[in-house]
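Asker: no sequence on this one, just coordinates:
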């Protein structure tokens, strides 16, 4: 059996929904379908979920929120009419308007709810409301209760459509995941029903080896392991909601990323086995890091020094990314956003409690992660750094774990794009990947 999830672009209008339905019908193993709300039909369009959020904001501002809901109704009416699906959209929109005080999560969830109702009717599948089988408790997903409910309800049905993105809490109120949370719903269904595959249908051919906004036409990875994906998605390289990976990973269910517009393309499979053939599997990175640099003589002999530094950061609710050190210096890399409002107090507290010889915070850093099997090979790191050096990029720091899966390079932000392109061209495009 397979669980399939379609994203917002795959369900943006009736034409896209026909494509999605054709994909479902093409494989009788696709029993459980999870859907998002309709996304953008073109670049300047507005997603249905964004319209629903806007309606709730208008309600809070005591403005005419019903005008925004009319736009939502028009979107769904156009879809239902073209698909010849019998659903009273006007009645559904009026129900939303009358229950607007139910809260932001309730309003936001109605896009997935109506999308699932229409798609189920068009396919001739059963409809199961996510509020009856996805449960939150004290603001967190209750996994055990959710898996039991999904399995109990879906085991009675052959083929169903389920709205993604939301569930209900212990009081029965609608609660949503963070944006993109329909991916999580699909993963929960796949695990609860012990599916063989979780197919995630979207608007790209799969996971790319590099960011297409930085590298021109990067190739698509045909396979990546969960561990390797974790390394890449840490730097933002993913078409999946991060929390969607764990249920499938724990159950050993592969995730298959596919393109709704090009179902003939095989896409990317995410599984347990690491990719052993490719020296460099992918490159990912992001800007916006700062380096807290601390120097103190005989730091290495001062037991607990590093722990006290990290403890001060924790007291300020600052998480750290990496902490490269030498004998008398310690650098702590953090996202710059975390330092916006507490920088001076943080420095003063480190000075007061640790008496460093020197402390400064340097902004404008970027991190680039290179992931692949090459790090177990003699000279591989040297060849990687050679590519960066030949491009004229100054490496500010290097972080490599014993996993042998990745190496992270710290560079100045103004050299970030150049670093990414040089690594892609030298380690992947030339065939060494």
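Answerer: In hand now; what should we look at? Just so it is clear, the model here is predicted, and its values are computed rather than measured. Residues are numbered from 1 along each chain as shown.

Asker: didn't residue 83 look like it was pressed against residue 17?
Answerer: Yes: with contact defined as C-beta atoms under 8 Å, residue 83 reaches residue 17; the gap is 6.4 Å. To be clear about C-beta, it is placed using only N, CA and C from the backbone, and glycine gets the same treatment.

Asker: Touching both of those two, which residues are there?
Answerer: 118, 122 (C-beta atoms under 8 Å, 6 or more residues apart in numbering).

Asker: quick one: which of the two has more around it?
Answerer: residue 17 (25 against 19; other C-beta atoms under 10 Å).

Asker: In a helix, that one, correct?
Answerer: Yes: under DSSP: H, G, I helix; E, B strand; the rest coil, residue 17 falls within a helix.

Asker: Quick check: closest non-adjacent residue to it.
Answerer: Spatially, and ignoring its direct neighbours in sequence, residue 17 is nearest to residue 11 (5.5 Å; C-beta to C-beta, 6 or more residues apart in numbering).

Asker: Next one: the one you found relative to residue 317, how far apart?
Answerer: 38 Å (C-beta to C-beta, to the nearest Å).

Asker: now swap in residue 324 and tell me
Answerer: 22 Å.

Asker: Repeat that for residue 52.
Answerer: 31 Å.

Asker: what does residue 79 give?
Answerer: Distance from residue 79 to residue 317, by C-beta to C-beta: 44 Å.

Asker: For those two, indicate the residue with more neighbours.
Answerer: Set residue 79 next to residue 317 and count neighbours by other C-beta under 10 Å: residue 79 wins out with 25 against 8.

Asker: Settle this for me: that one is touching residue 118, isn't it.
Answerer: Yes: the pair residue 79 and residue 118 qualifies as a contact (C-beta under 8 Å) at a distance of 6.0 Å.

Asker: any common contacting residues for those two?
Answerer: Joint contacts of residue 79 and residue 118 (C-beta under 8 Å, 6+ apart) are 17, 85.

Asker: can you give me the strands in the stretch 1-150 of the chain?
Answerer: 2-6, 30-35, 126-127, 136-137, 140-141 (DSSP state E, counting those that start in this stretch).

Asker: and if you look at the stretch 151-300 of the chain?
Answerer: Using DSSP E, counting those that start in this stretch, the strands of the stretch 151-300 of the chain run over 160-163, 166-168, 174-176, 197-202, 223-225, 255-259, 268-271, 282-295.

Asker: Who are the packing partners of the fifth one?
Answerer: Packed against strand 223-225, as judged by 3 or more C-beta pairs under 8 Å, 6 or more residues apart in numbering; DSSP states H and E, are the following elements: strand 268-271.

Asker: Ok, which of the strands of the stretch 1-150 of the chain comes nearest residue 238?
Answerer: strand 2-6 (14.6 Å; C-beta to C-beta).

Asker: contacts for that closest one?
Answerer: By C-beta under 8 Å, 6+ apart, strand 2-6 touches 20, 23-24, 27, 29-36, 164, 182-183, 185-186, 189-190, 193, 195-201, 260.

Asker: Could you identify the buried members of those residues?
Answerer: Buried by 16 or more other C-beta atoms under 10 Å: 20, 23-24, 30-36, 164, 182-183, 185-186, 189-190, 193, 195, 197-201, 260, out of these.

Asker: List the contacts of the residue positioned nearest the centre of the chain.
Answerer: Taking C-alpha atoms, centre = their mean, the centroid of the chain lies closest to residue 241, which sits 2.8 Å from it. By C-beta under 8 Å, 6+ apart, the residues touching residue 241 are 177, 178, 180, 181, 182, 183, 184.

Asker: any idea how far it is from residue 262?
Answerer: For residue 241 relative to residue 262 (C-beta to C-beta), the value is 22 Å.

Asker: and if you look at residue 15?
Answerer: From residue 15 to residue 262 the distance is 15 Å (C-beta to C-beta).

Asker: which residues of the stretch 201-350 of the chain fall in helices?
Answerer: 226-233, 245-251, 305-315, 343-354 (DSSP state H, counting those that start in this stretch).

Asker: same for the next helix or strand after the last one, what does it pack against?
Answerer: Taking DSSP states H and E as the definition, the helix or strand that follows helix 343-354 towards the C-terminus is strand 358-371. For strand 358-371, the helices and strands in contact under the criterion 3+ C-beta pairs under 8 Å, 6+ apart are helix 226-233, strand 282-295, helix 343-354, strand 406-412, helix 416-424.

Asker: Sheet-wise, list the partners of strand 358-371 with their directions.
Answerer: strand 282-295 (antiparallel), strand 406-412 (antiparallel) (DSSP bridges).

Asker: in it, what counts as buried?
Answerer: Buried residues in strand 358-371 (16+ other C-beta under 10 Å): 359, 361, 365, 366, 367, 368, 369, 370, 371.

Asker: Quick check: nearest residue in space to the fourth one, chain neighbours excluded?
Answerer: Read it as residue 366. residue 416 (3.9 Å).

Asker: Same question for the first one.
Answerer: Take residue 359 and drop its neighbours on the chain: the residue closest to it by C-beta to C-beta, 6+ apart is residue 294, 5.1 Å away.
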